[in-house]
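> Here is a sequence with its predicted model. Questions after.
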Amino acid sequence: MKTYQLKNETRVSRIACGCMNLGQLETVEDRERLIDTALSAGINFYDHADIYGAGYCETAFGELLKRNPAWRDHMVIQSKCGIRFAGDTYGDSAPSRYDFSYEHIMRSVEGILERLQIEQLDILLLHRPDLLMEPDEVARAFDALSGSGKVADFGVSNFDGHQIELLQRSLDQDLIVNQVEVSLLHAELIAEGARVNTGQGFAPASGMLDDCRLKGITIQAWSPVAGGRLFSPPADAPQNVRETSSLVHELAERHATNASAILLAWLLRHPAGIQPVLGTTNPERLRQSAEADGVELSREDWYSLLERAQGRSVP
């Protein structure tokens with residue numbers, strides 16, 4: 001599989017394996033088969049978060065690494081922290097919240113490393129913006145984690161450009177990743193650039209994609225195939241979804257591949273170097289998805305997909 005170079009010069013596969021649903025697989029053999037399929041497809045990037053399966057997904061992955069210690073040398077492992085569920089630590093009265101406090105970040109990383117059974121996390125992301133974030137406090141945690149060798153690099157998830165800039169100002173480490181939702185059916189991040197000065201209304205992505213490109217921050221796409229809504233939509237699905245699905249399957253036939261590969265190829269075609277994070281637990285679907293690395297959509301096909309998905313032509 002072709003690779004991207006992150007800001008820290010690490011080479012990573014253009015497609016990442018997301019481990020959010022790893023714990024749903026019933027046996028260790030099923031989990032092993034999934035990760036082995038990913039490695040065989042050339043995928044070297046594995047995405048976690050401390051909240052996935054309430055930590056169990058990291059535990060399950062750690063067990064796989066213990067069974068297959070040679071895998072670690074071929075993996076870039078990323079996890080996230082900062083989301084806390086209702087009732088966490090402070091009893092039933094505590095609300096769902098975000099927490100970028102020094103204490104929580106440090107405690108979270110200790111738990112991540114213990115569950116994954118590794119000594120160093122390659123990348124730590126802050127998982128959604130904390131409205132009470134104190135950038136200097138985050139910087140203190142990052143300094144401690146970096147200085148101790150427990151985390152090699154850092155990034156964020158679901159941050160806009162201003163939030164990234166505010167945090168980066170306090171950090172000695174470069175933020176190298178921003179993981180956000182983006183797909184053909186959730187394409188505002190990409191499509192807003194075509195509506196500059198057109199009078200077509202508010203663009204909520206606020207130039208974040210270009211801002212990350214300027215800063216050398218890699219965009220990772222979660223939910224990159226929109227939850228499979230374009231694979232086989234029902235008859236009562238919105239017209240744009242049905243028409244987009246039809247074109248996706250037409251292109252899949254033309255390129256001798258599958259619908260998932262076309263949807264991922266649409267993201268890979270963008271010059272920003274977007275890295276889709278797959279969420280499937282089906283080894284065959286994962287293998288099919290990896291075919292996207294070999295699909296090169298024409299400019300015309302790329303815009304045709306965008307037009308169908310949005311239900312209108314670009315201005």
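Arrived safely, thanks for sending.
> switch to C-alpha atoms for all contacts and neighbour counts from now on
Will do.
> Any idea how far the one helix or strand residue 245 maps to is from the middle of the chain?
Secondary structure assignment for residue 245, by DSSP states H and E: helix 239-254. On the basis of Cα atoms, centre = their mean, to the nearest Å, helix 239-254 is displaced by 24 Å from the centre of the chain it belongs to.
> what does stretch 217-225 give?
4 Å.
> what does stretch 255-265 give?
Mean-position distance between stretch 255-265 and its chain equals 19 Å (Cα atoms, centre = their mean).
> which residues touch the helix or strand encompassing residue 213?
Using DSSP H and E, residue 213 maps to helix 208-215. Applying Cα atoms under 8 Å, 6 or more residues apart in numbering, the external contacts of helix 208-215 come out as 160, 161, 178, 189, 190, 218, 219, 272.
> State the mean pLDDT of the following helix or strand past that helix.
Next helix or strand after helix 208-215 toward the C-terminus (DSSP H and E): strand 218-222. Computed over strand 218-222, the mean pLDDT rounds to 97.
> can you check stretch 193-207 too?
Here stretch 193-207 scores 58 as its mean pLDDT.
> Any idea how far apart the tips of it sit?
Distance across stretch 193-207, first residue to last, is 7 Å (Cα to Cα, to the nearest Å).
> who does the worst-scoring helix or strand of the chain on mean pLDDT touch, helix- and strand-wise?
Ranking every helix and strand in the chain by mean pLDDT, DSSP states H and E puts helix 188-191 at the bottom, with a mean of 88. Helix 188-191 sits against helix 208-215, with contacts defined as 3 or more Cα pairs under 8 Å, 6 or more residues apart in numbering; DSSP states H and E.
> tell me which residues of the least confident helix or strand of the chain are tucked away?
188, 189, 190 (16 or more other Cα atoms under 10 Å).
> now do stretch 248-255
248, 249, 251, 252.
> Distance check, the second one against residue 80.
Using Cα to Cα, we find residue 249 at a distance of 35 Å from residue 80.
> Same question for residue 5.
Here the criterion is Cα to Cα. By it, residue 5 lies 21 Å from residue 80.
> and residue 56, helix, strand or coil?
For residue 56, the assignment made with DSSP: H, G, I helix; E, B strand; the rest coil gives helix.
> confidence score at the closest residue to it other than its chain neighbours?
If the residues on either side of it in the chain are set aside, residue 56 comes closest to residue 23, at 6.3 Å by Cα to Cα, 6 or more residues apart in numbering. For residue 23, the model assigns a pLDDT of 94.
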